[in-house]
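Q: quick one, what's the 3D model for this:
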Amino acid sequence: MDYSPFKSQRITREYRQTINATPETVFPLLCPVRETEWLDGWDYRMVYSESGLIEEGAVFSTEHAGEADTIWIVTRHNCKTREVEFTRFTHQSRICVLKIAVTAKNEKSSFVDISYSYTGITPAGNEFVDGFTEEAFAKAMFFWEKSMNYFLETGNKLKGA
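A: Prediction:
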């Protein structure tokens with residue numbers, strides 16, 4: 001592939017969620033396996049994990065309509081600091097670094113700080129970056145926040161992704 005005339009674009013979006021549970025309860029839910037319990041529409045295929053759950057070095061994939069699989073690598077998973085980082089690669093499109101940190105807000109709730117940094121690696125990837133609006137991102141993060149809180153309160157998955 002000739003990238004000489006191509007100029008990559010990058011965008012970073014950040015969001016802070018408030019989750020009504022302690023960090024010890026919230027952090028384990030940030031796992032591709034556990035997400036199926038609480039996030040409507042989430043689906044994945046585990047490629048590699050020694051434990052079967054999230055761990056540093058785990059690899060899994062997801063599908064999105066009209067695109068090749070997105071390959072995810074867990075590049076950081078620290079249970080002590082409650083930080084997780086994923087690097088995602090969508091073939092012929094983009095790379096994303098997703099960082100999540102869970103901290104105590106008070107004795108009964110947590111902050112979940114989320115950062116998505118997308119880099120286009122092709123013109124199609126740059127189109128994705130251009131369309132990754134603050135409004136669309138906030139809507140997705142709000143649904144994620146609402147879904148996790150609903151699950152923690154009821155034990156059920158909130159429908160309506």
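Q: quick check: which ranges of this protein have low pLDDT?
A: 1-4, 161 (pLDDT under 70).
Q: same thing but at 50, please
A: Along the chain, the model assigns pLDDT under 50 to no residue.
Q: what segments of it are helices?
A: With DSSP state H as the criterion, the chain has helices at 23-26, 32-38, 123-131, 134-154.
Q: quick one: the first one to chain centroid distance?
A: Put plainly, it is helix 23-26. Centroid separation for helix 23-26 versus its chain: 17 Å, with CA atoms, centre = their mean, to the nearest Å.
Q: that helix packs against which elements?
A: strand 94-104, strand 110-120 (3 or more CB pairs under 8 Å, 6 or more residues apart in numbering; DSSP states H and E). From N, CA and C alone the C-beta is placed, and that goes for glycine too.
Q: can you check the second one too?
A: Taking 3+ CB pairs under 8 Å, 6+ apart as contact, the helices and strands that helix 32-38 lies on are helix 134-154.
Q: quick check: buried residues in the helix it packs on?
A: 137, 141, 143, 144, 145, 147, 148, 149, 150, 151 (16 or more other CB atoms under 10 Å).
Q: now render those as JSON lines, adding distance to residue 97.
A: Converted to JSON lines, the buried residues of helix 134-154 look like this (distance: CB to CB, whole Å):
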{"residue": "137", "distance to residue 97": "15"}
{"residue": "141", "distance to residue 97": "16"}
{"residue": "143", "distance to residue 97": "21"}
{"residue": "144", "distance to residue 97": "18"}
{"residue": "145", "distance to residue 97": "21"}
{"residue": "147", "distance to residue 97": "23"}
{"residue": "148", "distance to residue 97": "21"}
{"residue": "149", "distance to residue 97": "26"}
{"residue": "150", "distance to residue 97": "28"}
{"residue": "151", "distance to residue 97": "26"}
